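Undergrad: Predicted model and sequence follow; I will ask about them next.
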Amino acid sequence: MDIKTPYIWKNWEFLEWDNTMEHNLTHTLHYGWWVFEGIRFYDTPNGPKVFRLDTHIDRLLYSAKVMWMDLIYSRDELIKATLDTVAKNAEKSGYIRPIIFYWYGKMWLYPKGAAIDTAISVWKWGRYISDDAITVKVSKTRRIHPATTDMAAKICGNYANSILVSLEVHGGWYQEGLLLDTEGFIAEWPGENIFFVTKDNQVLTPELGTILPGITRATIIELLKNELGIDVIETKIMPGEIKNFKEAFFTGTAAEVTAIWTISLENWEKISFSSGEEDSLTNKIKKIYLDVVSWKNEKYSSWLS
Ligand SMILES: Cc1ncc(COP(=O)(O)O)c(C=O)c1O
């Protein structure tokens, strides 16, 4: 699929998509010391609208602070630049990728003083995962330990861990890999959070600590409470408990709500779920989510800008 759009916003100007190359000695290219966000905008009855933009920009600024980046612009200016980039590219829906990175001028591991660049790309991205329900596997690679990085920041270098998992599991039977943390508890997917539904309709999700606090995760927790009266239990979950669950799904800006058919454990035991069925709780919350992001539910219109 051609994801290309006409313009990329960079440091307060619009450049043509093919005209944004970086110098070979860009600090970030060598050491992964940059931060990013993944945001979606949707086709709504009121035009293209960005979902939870403020929350994404707040997380981006938090990530930049963790990386000691001194920014010369404000939160509001960044929000406006994002909306301008969406408008300039004239797509009805798609994905938005702001990045902030150390550019050129320093090559040692202390990057302070190197120039900082900010860029915002928009691309055409329909479904991240083409199937309604997917087959996944617990990966051999464990989630990076929270003592080694900041789990709440979207730091590009952290994604080496995610990419190792994707390379391990893709290409065969499996569409995604589930990461355990270094103590063996369920953590998350390379780019999504996970939820389980018990046989008596309780909903569980791994507690914060070894996972990215997903904005979709927080949205789903709020929607389950407000719309279905379900209080999500945030707790530690061992892979051995998975066989007691009847549904499993994952959440993320790119993947939205995706049902899981089966999870294969490290010992190759395969657990199946009913999450992909029409009358599942997974399907119910997925529909609620898709209505909210596309302004079919007025109650949450303040999340759209
Ligand atoms: C590692 C990881 N976990 C979870 C998520 C889901 O986060 P969000 O719902 O904010 O997109 C993402 C995506 O940003 C991610 O990269």
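TA: Yep, that arrived.

Undergrad: could you pull out the helices for the chain?
TA: All helices of the chain, identified by DSSP state H, fall at 27-31, 53-66, 75-89, 159-169, 215-228, 281-293.

Undergrad: just checking, what packs against the longest one?
TA: Packed against helix 75-89 by the contact rule (3 or more CB pairs under 8 Å, 6 or more residues apart in numbering; DSSP states H and E) you find strand 7-10, strand 47-50, helix 53-66, strand 94-102, strand 116-123. C-beta here means a position set from N, CA and C on the backbone, and glycine is covered the same way.

Undergrad: got the contact list for that helix?
TA: Here helix 75-89 makes contact (CB atoms under 8 Å, 6 or more residues apart in numbering) with 5-9, 12, 14, 39, 41, 48, 50, 53-54, 57-58, 60-61, 94, 96, 98, 118, 120-122, 305.

Undergrad: just the first one next, same as before
TA: The contact list for helix 27-31, computed with CB under 8 Å, 6+ apart, reads 22, 33-34, 101-107, 109, 111, 114, 156-157.

Undergrad: try it again with 6 Å
TA: For helix 27-31, the surrounding residues in contact (CB atoms under 6 Å, 6 or more residues apart in numbering) are 34, 101-102, 106, 111, 114.

Undergrad: One more: stretch 52-69?
TA: Contact partners of stretch 52-69, identified using CB under 6 Å, 6+ apart, comprise 35, 37, 39, 71, 75, 78-79, 98, 100, 116, 150, 153-154, 215, 303, 305.

Undergrad: What mean pLDDT does it get?
TA: In this model, stretch 52-69 has an average pLDDT of 97.

Undergrad: coming back round to it: could you redo the contacts of helix 27-31 as TSV and give each row distance to Ile230 and neighbour count?
TA: Converted to TSV, the contacts of helix 27-31 look like this (distance: CB to CB, whole Å; neighbours: other CB atoms under 10 Å):
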residue	distance to Ile230	neighbour count
Trp34	38	25
Phe101	40	25
Tyr102	43	24
Lys106	50	15
Pro111	45	22
Ala114	47	21
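
Undergrad: now, the most widely separated pair of those residues?
TA: Trp34 and Lys106 (13.7 Å; CB to CB).

Undergrad: Pull the contacting residues for whichever residue of the stretch 51-200 of the chain sits closest to the ligand.
TA: Closest contact between the stretch 51-200 of the chain and the ligand, by CB to the nearest ligand atom, is at Gly191 (3.9 Å). When contacts are counted by CB under 6 Å, 6+ apart, Gly191 touches Gly252.

Undergrad: rerun that using 8 Å as the cut-off
TA: Under the criterion of CB under 8 Å, 6+ apart, the neighbours of Gly191 are 38, 162, 252, 254-255.

Undergrad: How many neighbouring residues does Glu278 have?
TA: 6 (other CB atoms under 10 Å).

Undergrad: can you check Gly171 too?
TA: Count around Gly171 with other CB under 10 Å applied: 8.

Undergrad: quick one: low-confidence ranges for the stretch 151-300 of the chain?
TA: Within the stretch 151-300 of the chain, no range satisfies pLDDT under 70.

Undergrad: which stretches of it form strands?
TA: 176-180, 186-188, 193-198, 203-206, 233-235, 245-252, 256-264, 270-272 (DSSP state E, counting those that start in this stretch).
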